[in-house]
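Chemist: sharing a sequence plus its predicted fold:
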Amino acid sequence: MTEKTLLAVIALCLTVLLTPRPQAQDLPQLGTSPVKDVVAAMTLEEKARLVIGYLPALRKVDRRTMDFSVLDFDYPGLGFAIGKVDRLGIPATIVSDGSYGLKKYIKNPDGKWGTTAFPVPILVSSTWDTELANTVATAYGNEGKEYGVDALLGPAMNIQRDPLLGRNFEYYSEDPLLSGKMAAATVRGIQSNNVGAVIKHFVVNNQETNRIANDTRLTTRALREIYLRGFEIAVEEAQPWMIMTSYNKVNGTYTSERRDLLVDLVRGEWGFDGIFITDFNGDGWSPWQVAAGNDLIMPGTTYHRQNIIDAVNDGSLKQSELDTATANLLRYIVKTNEFKGYDYRRDPDLESHAQTARKAAAEGFVLLKNDNALPVPPQVKSALFGISSYKLNVSGVGSGNVRSDYVVNLSDAMPDLDGQVSGFYTSYINDVIQGAPKSDRKFFGNVPLEFVEQLPGDQLVETAATESDVAIVTIGRNAGEGADRKPEKGDWLLTDTETRLLQKVTDAFHAENKKVVVVLNVDGVVETASWKNMVDGILLAWLPGQEGGKAMADVLTGKVNPSGKLPITFHNSYSDTPTHPNFPHDYVHPHDKKIFDYAATMRDTHENGKTKRREKPVSEWVKNVDYTNYEEDIYVGYRYYDTFDKPVSYPFGFGLSYTTFKYGKPRLTEIDEGYRVDIEVANTGSAAGKEVLQFYASSPATPAGQPAHELVAFAKTRLLEPGEKQSLKLVFTKKDLARYDSARVAWILDAGQYILASASSSRDIRASTTIVVTKEQVLESTTNSVQPEAALNVIKPCVDPAGQTTVCS
Ligand code: BGC
């Protein structure tokens, strides 16, 4: 070393030693300094920790006492934290599950959960009342706020593509418009508390079987019109703070690794400015997920964190991509109640939330059949059959399940019960069910009938028929995350015992000239065609939440007039569904309860700068498990049944009332956003009630094929007294009438005549009007995302010589 070099080195060392070290007060601070300065001050390790989140936030400790320094381990906890970097003023913020209530993992100091189990989303969408959906979400968003949770992992809004999808109860509808509007109302409700909403699972996550690796293959038209449309509405109308990407692949690539979907389409086309987070455990390769536009790998483990650090170091993840995710997360943190110093008190107004849960439940019940059986007089003596009459199925199973401190069963709420029948069931429940080992119950997976239905003896049923006024038989079902349902007895079909129970009760009660009503306390669609003629009334009560029993009694006794309508078709037999050849209804997952072990076996590895994807060889792929072809294309639910004129048990949008309604002529006006329809609805019956009015559009025929009609708008009246009228205003856009043309990469409004019909269900059209579009319009050119398009043999309508619409391929 020359003398000159030596002097230079000494000078450098002195400069380093004498330069004052940045003190906390000199460092940029989140909130006061520009976000980019905070990002610049973060180390690679800190950024990697931020984008993978922490866990388990709510399971063991209260956040006030939580020691975040110890959260550096592999554990798939639920409820997680994002943050924290003290030196830069970045606090820890908390996210918890919340598709229909706040999921908590620890009880309050008084030993109570202090949370409300609201009705499940399929019930909330059955209200067709966006204001009510908003009120429900405002209430559970408030529970989030009052327990220090900054964002709730809901609403879940995948399309109910097949009636046996295990998580249908957690989703809204088979229709994208209804799903999108319900999700938007829910997002607004949650976020009115300054608690973030997370719409999930983006996108085309329509089966639970092998949900972490299934490749969903579909046309771009189906993707745009059916599977993206609801998310698009929710983003544009409500700007959720977050979107959760799904586990599955779409047309060959994991959704969470598709930059064309996240950045080009959702951020670029829809203007989304929140953050993207992966689904739990972030299956996929984290560096690719961040590069694709995910800001948070939910929730982090050392595996994910190290992969990100290594990828930046070896150049396979650009520093700028990690910085973008970091900056997006910091912008989120700044918005939170935690950052704003909200002093949460663990004391939400549980009484008023219980009232909301009860009201919403009753408004979402759907009266499917009523041969002068309902309402029963308030002081009626009823004989309650079925275990679920005494042990309500409150909510679904899986991550969204909410703990409540009590449950009101139907037996707790009906005024006067036949004591002998009640005694029969309650002693079975007390002696057998209460003693059953709890460990047998599953958190995830198929939920077989938890307890075998009991068949009361002939004598008991016959005596009940003479001594009580009406029989109510509750049929119970539940389902859950991690497995799909089966078209079998005990799930989609009644068990032999249930059929015998219905037979026995109807024989005995009908012999006494008394009515039999079935209450369906179920997670999703069940078969009704084979037994509905046996009984006099059917009330679909879904999974109604903790106040379910009271809500059931409200409707059965006429305190509340039912006004719910079906958000999904009740088809006749499972083989009638357009999806059954392409849905895993007969598959038994070998891993079942070991879903996370299975996920772990799929982990990718990274060596010498190259990522190796751990996947089953394609030659071993099993249809409907490793890949699923969406051959029904856009013909999902009523779009299929109504286009191809298939008989159904109860159509989409169907629901009876204790009164009748008459609709006036629709009056259509062109407005800036598209069209407005004014329709007068009159209560022509003798009970006060509410009506859901639906508006469907039939588009001109195109070579691409069009569904018979599609829902474009809906509205619900206020409570109308007998003779009272209300003028409803429904608004829809030109895009609601348009079709997506994959070849032209655009939304097209075809030239021709559009028939617009007011309806009480998709099969009960009341009046119509028309719009004529004189010249084709290209409404929107889009990005060409999710290519290559799957080459599928999709369904198309063809008109045969007899004028009948049939399926042609
Ligand atoms: C579910 C998500 C949920 C997450 C965290 C996942 O298994 O798919 O809906 O938010 O777990 O509990």
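Modeler: Yep, it's here.
Chemist: tally up the residues packed near the residue of the stretch 451-600 of the chain found nearest the ligand, please.
Modeler: Per CB to the nearest ligand atom, Glu481 is where the stretch 451-600 of the chain lies closest to the ligand, at 6.1 Å. The way it works is simple: take the backbone N, C-alpha and C, and place the C-beta from them, glycine included. When counting by other CB atoms under 10 Å, one arrives at 23 neighbours for Glu481.
Chemist: that one: what's it in contact with?
Modeler: Going by CB atoms under 8 Å, 6 or more residues apart in numbering, Glu481 touches Gly166, Arg167, Glu170, Glu208, Gly396, Val397, Gly398, Ser399, Gly400, Phe444, Gly445.
Chemist: okay, the nearest residue to Tyr641 once chain neighbours are set aside and Arg639: tell me how far apart.
Modeler: Leaving aside its chain neighbours, Tyr641 sits nearest to Val648 (5.2 Å; criterion: CB to CB, 6 or more residues apart in numbering). For Val648, the distance to Arg639 equals 12 Å [CB to CB, to the nearest Å].
Chemist: between the two, which is the more surrounded one?
Modeler: It is Arg639, of Val648 and Arg639, that has more neighbours when counted by other CB under 10 Å, with 26 against 21.
Chemist: show me what contacts that one?
Modeler: By CB under 8 Å, 6+ apart, the neighbours of Arg639 are Pro707, Ala708, Glu710.
Chemist: among those residues, which are within reach of the ligand?
Modeler: On the criterion CB under 6 Å from any ligand atom, none of the entries of the contacts of Arg639 sits beside the ligand.
Chemist: switch the residues you listed over to CSV; also include pLDDT.
Modeler: What follows is these, written out as CSV (pLDDT from 0 to 100):
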residue, pLDDT
Pro707, 97
Ala708, 97
Glu710, 98
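Chemist: enumerate the residues of the chain near the ligand.
Modeler: With CB under 6 Å from any ligand atom as the criterion, the chain comes near the ligand at residues Leu78, Asp97, Leu153, Ala156, Lys200, His201, Asp279, Phe280, Ser399.
Chemist: export those residues as JSON lines, with columns for neighbour count.
Modeler: Formatted as JSON lines, the residues of the chain next to the ligand follow (neighbours: other CB atoms under 10 Å):
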{"residue": "Leu78", "neighbour count": "18"}
{"residue": "Asp97", "neighbour count": "26"}
{"residue": "Leu153", "neighbour count": "29"}
{"residue": "Ala156", "neighbour count": "28"}
{"residue": "Lys200", "neighbour count": "26"}
{"residue": "His201", "neighbour count": "27"}
{"residue": "Asp279", "neighbour count": "24"}
{"residue": "Phe280", "neighbour count": "22"}
{"residue": "Ser399", "neighbour count": "24"}
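Chemist: quick check: which of these has the minimum pLDDT.
Modeler: pLDDT across the residues of the chain next to the ligand is lowest for Leu78, at 46.
Chemist: all strands of the stretch 51-200 of the chain, in order?
Modeler: 80-82, 93-97, 151-153, 196-202 (DSSP state E, counting those that start in this stretch).
Chemist: low-confidence ranges, this protein, go.
Modeler: 1-25, 55-79, 282, 434-451, 588-603, 809 (pLDDT under 70).
Chemist: so the nearest residue to Ala464 once chain neighbours are set aside is in which element?
Modeler: Excluding the flanking residues, the one nearest Ala464 by CB to CB, 6+ apart is Ala383, at 4.0 Å. If you go by DSSP states H and E, Ala383 is part of strand 381-385.
Chemist: give me the helices and strands touching that strand, please.
Modeler: If contacts are counted by 3 or more CB pairs under 8 Å, 6 or more residues apart in numbering; DSSP states H and E, strand 381-385 sits against strand 416-417, helix 419-428, helix 458-467, strand 470-476, helix 496-511.
Chemist: run the angle between that strand and helix 458-467 for me.
Modeler: 150 degrees (axes from the mean of the first three to the mean of the last three CA atoms, to 10 degrees).
Chemist: strand 381-385: which residues count as buried?
Modeler: Lys381, Ser382, Ala383, Leu384, Phe385 (16 or more other CB atoms under 10 Å).
Chemist: who's in contact with the second one?
Modeler: By CB under 8 Å, 6+ apart, Ser382 lies in contact with Val376, Met414, Asp416, Leu417, Asp418, Ser468, Asp469, Val470, Ala471, Ile472.
Chemist: now Gly752: how far from the ligand?
Modeler: From Gly752 across to the ligand, the span is 42 Å (CB to the nearest ligand atom, to the nearest Å).
Chemist: so where does Lys47 fall, helix or strand?
Modeler: Secondary structure from DSSP H and E places Lys47 in helix 44-52.
Chemist: returning to that earlier point: and the residue nearest to Ala464, how far from Asp469?
Modeler: Distance of Ala383 to Asp469, computed by CB to CB: 9 Å.
Chemist: the nearest residue to Leu177 once chain neighbours are set aside pairs with what?
Modeler: Excluding its sequence neighbours, the residue lying closest to Leu177 (CB to CB, 6+ apart) is Leu711, at 5.0 Å. Assessed by DSSP bridges, Leu711 has beta-bridge partners Tyr696.
Chemist: looks like Leu711 contacts Val692 (just checking).
Modeler: No. Counting by CB atoms under 8 Å, Leu711 stays clear of Val692, with 11.3 Å between them.
Chemist: where do the contact lists of those two overlap?
Modeler: What both Leu711 and Val692 touch, as defined by CB under 8 Å, 6+ apart, is the set Gly653.
Chemist: in stretch 91-107, what counts as buried?
Modeler: Result for stretch 91-107 [16+ other CB under 10 Å]: buried residues 91-105.
Chemist: state the pair within these that is farthest apart.
Modeler: Greatest spacing in the buried residues of stretch 91-107, by CB to CB: Pro91 and Tyr100 (27.9 Å).
Chemist: need the contact list for the residue in the stretch 51-200 of the chain that the ligand sits nearest to.
Modeler: Residue nearest to the ligand within the stretch 51-200 of the chain (CB to the nearest ligand atom): Leu153, separated by 3.9 Å. Counting by CB under 8 Å, 6+ apart, Leu153 touches Val95, Ser96, Asp97, Gly98, Ser99, Val198, Lys200, Met244, Ser399.
Chemist: next, format the residues you listed as CSV and append distance to Ala183.
Modeler: Formatted as CSV, these follow (distance: CB to CB, whole Å):
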residue, distance to Ala183
Val95, 18
Ser96, 19
Asp97, 16
Gly98, 13
Ser99, 11
Val198, 11
Lys200, 10
Met244, 12
Ser399, 17
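Chemist: next one: Ala311 from Arg305, what distance?
Modeler: Ala311 sits 11 Å away from Arg305, taking CB to CB as the criterion.
Chemist: and for Leu539?
Modeler: 51 Å.
Chemist: do Ser352 as well
Modeler: In this view, Ser352 and Arg305 are 42 Å apart by CB to CB.
Chemist: which of the two has more neighbours?
Modeler: The residue with more neighbours, out of Ser352 and Arg305, is Arg305; 21 against 12, by other CB under 10 Å.
Chemist: secondary structure of that one: a helix, I assume?
Modeler: Yes. Under DSSP: H, G, I helix; E, B strand; the rest coil, Arg305 sits within a helix.
Chemist: what's it in contact with, if anything?
Modeler: Arg305 touches Ala48, Arg49, Ile52, counting by CB under 8 Å, 6+ apart.
Chemist: give me that answer again for 10 Å
Modeler: Glu45, Lys47, Ala48, Arg49, Leu50, Val51, Ile52, Gly53, Asp72, Ser286, Ile297 (CB atoms under 10 Å, 6 or more residues apart in numbering).
Chemist: what's the closest of these to Glu363?
Modeler: Distances from Glu363 to these, taken by CB to CB, are shortest for Gly53, at 36.7 Å.
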